Structures are given as C-alpha cells and as structure tokens.
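Asks: below are the sequence and a predicted model; questions follow.
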Amino acid sequence: MVERSYISDKLTIDDLIRRSWNLRDKKDFTKFIDFIAKFEHYSRFNTMLVYIQNKEVTFFGGVSYWKKNFNRTIKRFAKPYIILAPKSPVMLVYDVMETEGKDTPKEFLDKIFGENLFEVKGHIDRRVYEGAVLTAQSWGIQVIRKPLHYFKAGYVTTAITERLEINLQEGATTEENFTVLLHELAHILLGHTGHKELRKKVIDQKITLPERRKISRSTEELEAETVSYLISTKLKLIKRSEEYIAGYLKNIDDLMQFSYEMVIKVADKIDNTFLIPTTSAIKPTQKSLWE
C-alpha cells in the first residue's frame with residue numbers, strides 16, 4: 001500500500017518536472033523579449049543598466065513617462081535608478097513600486113503583465129491556514145505578513161531577528177499565502193536553510209533537521225515547490241507550479257540532485273504535524289521523518 005503510494009507520488013512529480021522543463025526555454029525567451037519590448041522608449045543598454053542596479057526591477061520609467069502615460073506620480077522618498085540620457089549625462093528612472101496612482105503597483109502590474117504568477121485557484125477554510133501558522137509558531141518559526149516585492153511571494157530569513165521567520169506577502173489571498181507557507185516550511189524541513197533543529201515549546205520536544213549536502217538553488221526550489229504542489233493538489237488548490245519551477249530550472253543536471261524520498265517524507269511530515277485535512281477516509285500512521 002505504501003509502496004503504491006510512493007510510486008504514484010513519484011509519477012506525479014515526474015509529470016510536474018516534465019511540464020516545467022517544457023516551459024523553461026519558451027518562458028525565458030518570451031520573458032526577455034517582452035521585457036525589452038515594454039521599454040522600447042529606452043535603449044537596450046539602459047534597460048540593462050537598470051537591471052544591474054536592481055535585478056528585481058519590474059516596470060520602470062522617468063517622471064514624465066509615468067505622468068504622461070499612466071498618470072502616476074513618484075513617491076516622496078522613492079529610490080531612483082540611473083540611466084544614460086541623450087542630451088545630458090544621466091537621467092533618473094523609477095520602478096512602479098515607487099509610484100502612486102489610481103491603481104496600486106500590484107494592480108498596475110497585473111494589468112500590464114496580464115497574469116499573477118502566484119495565483120491559486122480553489123478555496124480552503126481560513127482556519128486551516130491559521131492552524132498551520134500557529135503550529136509553525138509552536139515550533140519557533142515566526143510567520144509574518146508584510147509588503148513584499150511583486151515577484152516575491154515569501155521567503156525564510158533569520159537576518160533581522162536571528163530566529164527562523166517566514167515572511168508572506170501582505171494582501172495575498174489566504175490560499176496564496178497558505179501554499180507559500182507550505183513552500184517555505186518545506187525549505188526548512190528539507191534542510192535547505194542550514195538549521196539543525198526545531199524545538200516545540202509546549203512539550204519541549206526537539207526535532208533534528210536533516211543535514212543536506214550543498215545542492216543548487218534550482219534543486220532547492222524544485223524540492224520545496226513540489227512539496228507545496230503535492231499538498232495543494234490534495235486540497236484541490238490549483239497553482240502554477242510548473243511556471244514557477246520553469247523560472248528556476250537552468251540545467252537538467254539540477255534534477256540529478258533532487259531527492260524523491262525526502263520530498264515525499266517532508267510532504268507527509270507537514271500533513272501529519274500541521275494537521276492538513278485529507279480527502280482520504282483513512283490516513284495511515286507514519287513515523288516521524290527524523291525518528
């Protein structure tokens with residue numbers, strides 16, 4: 001029974017990888033061409049200069065460009081980017097995140113790009129999300145919602161508080177934040193963050209995290225997103241995992257580092273520990289991943 005489930009999960013993962021890999025070349029090429037086309041009023045060299053200053057730039061323009069074309073103004077303490085100007089040494093341009101107008105920057109970008117990479121279709125009871133957050137916090141993992149960059153749905157950090165902290169996008173839907181929370185929890189439980197253990201405060205129980213040899217970021221993202229994908233699919237949530245993964249896969253060799261066993265065990269661990277509802281009538285009892 002368990003073996004059949006493992007094979008089924010493995011085939012599901014294989015299908016996800018195949019679809020992601022098929023999209024990779026087309027996705028990268030289209031993204032590059034579209035980006036250049038959107039800024040045709042600036043030279044390709046200037047577009048490159050902005051990218052060098054901030055690789056997460058979304059949509060930029062000068063003061064007059066924003067005002068004339070989109071009736072948007074620059075925020076008071078906006079961060080400028082420097083490009084070369086035809087009749088003067090340099091000029092300043094600003095990312096849409098540094099502008100104000102009728103639409104929020106996110107609403108503006110959704111209209112321009114016509115898609116939301118992190119959109120999740122389907123519905124879950126908000127109590128499921130809140131329960132997962134409380135459980136994460138009981139393991140010493142802070143979960144905080146805050147404004148993030150348009151192309152970043154969430155991340156794990158210890159930089160400021162010196163403790164594990166998962167940041168989620170403020171304003172995202174419950175379903176979107178839930179799937180991102182699964183993704184970031186997977187990073188921790190898969191041993192990607194370098195932490196050695198978690199401690200459950202209530203009963204002072206320790207969980208030793210796996211020590212993984214160094215793997216590529218592409219493989220880490222593939223493993224974490226696959227965990228999120230498996231659980232989300234079980235809950236009837238539809239997310240664009242193949243497009244997300246396609247943005248990270250750079251080399252087919254990254255897949256050689258992928259651990260099917262770890263991914264499935266961590267998905268089960270999150271299911272069992274975080275009490276994620278199952279559509280199955282009976283759920284087999286499984287040992288802890290680290291017991």
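Replies: Perfect, thanks for sending it.
Asks: give me the buried positions along stretch 129-148.
Replies: Within stretch 129-148, the residues that count as buried by 16 or more other Cβ atoms under 10 Å are 129, 132-133, 135-136, 139, 141, 143, 148. C-beta: built from backbone N, CA, C; applies to glycine.
Asks: list just the nearest of the residues you listed to residue 206.
Replies: Each of those was scored against residue 206 by Cβ to Cβ, and residue 139 proved nearest at 10.2 Å.
Asks: so that closest one makes contact with residue 207?
Replies: Yes. In this structure residue 139 lies within contact range of residue 207 using Cβ atoms under 8 Å: 7.3 Å.
Asks: need the helices for the chain, in chain order.
Replies: If DSSP state H is used as the criterion, the helices of the chain fall at 2-38, 44-53, 63-70, 105-113, 126-138, 174-189, 217-234, 241-246, 260-273.
Asks: one step back: redo the buried residues of stretch 129-148 as a markdown table? Include distance to residue 191.
Replies: As requested, the buried residues of stretch 129-148 are arranged in a markdown table below (distance: Cβ to Cβ, whole Å):
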| residue | distance to residue 191 |
| --- | --- |
| 129 | 25 |
| 132 | 20 |
| 133 | 22 |
| 135 | 19 |
| 136 | 17 |
| 139 | 15 |
| 141 | 15 |
| 143 | 20 |
| 148 | 24 |
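Asks: which of those residues scores worst on pLDDT?
Replies: Across the buried residues of stretch 129-148, the member with the lowest pLDDT is residue 148, scoring 71.
Asks: could you pull up the residues touching the residue nearest to that one when sequence neighbours are not counted?
Replies: Nearest residue to residue 148 in three dimensions, chain neighbours excluded: residue 169, at 4.8 Å (Cβ to Cβ, 6 or more residues apart in numbering). Taking Cβ atoms under 8 Å, 6 or more residues apart in numbering, we find residue 169 in contact with 118, 145-148, 152-154, 176-177, 180.
Asks: and which of the residues you listed is nearest residue 125?
Replies: Using Cβ to Cβ, these come closest to residue 125 at residue 177, 13.7 Å.
Asks: quick one: neighbours of that closest one, just the number.
Replies: Other residues near residue 177 number 24, with proximity taken as other Cβ atoms under 10 Å.
Asks: show me what contacts it?
Replies: 129, 145, 154, 168-169.
Asks: wait, residue 212 sits on residue 193?
Replies: No. Taking Cβ under 8 Å as the contact criterion, residue 212 and residue 193 are not neighbours in contact, 10.0 Å apart.
Asks: how close does residue 55 sit to residue 220?
Replies: In this structure, residue 55 lies at 19 Å from residue 220, with Cβ to Cβ, to the nearest Å as the measure.
Asks: swap in residue 185?
Replies: When distances are taken as Cβ to Cβ, residue 185 and residue 220 turn out to be 13 Å apart.
Asks: those two: who's more crowded?
Replies: For residue 185 against residue 220, the residue with the higher neighbour count under other Cβ under 10 Å is residue 185, and the figures read 27 against 22.
Asks: show me the shaky parts of the stretch 1-150 of the chain.
Replies: By pLDDT under 70, the weakly predicted segments of the stretch 1-150 of the chain are 1-11, 20-41, 112-118, 149-150.
Asks: mind redoing it with 50?
Replies: 1-2 (pLDDT under 50).
Asks: that'll do, ta.
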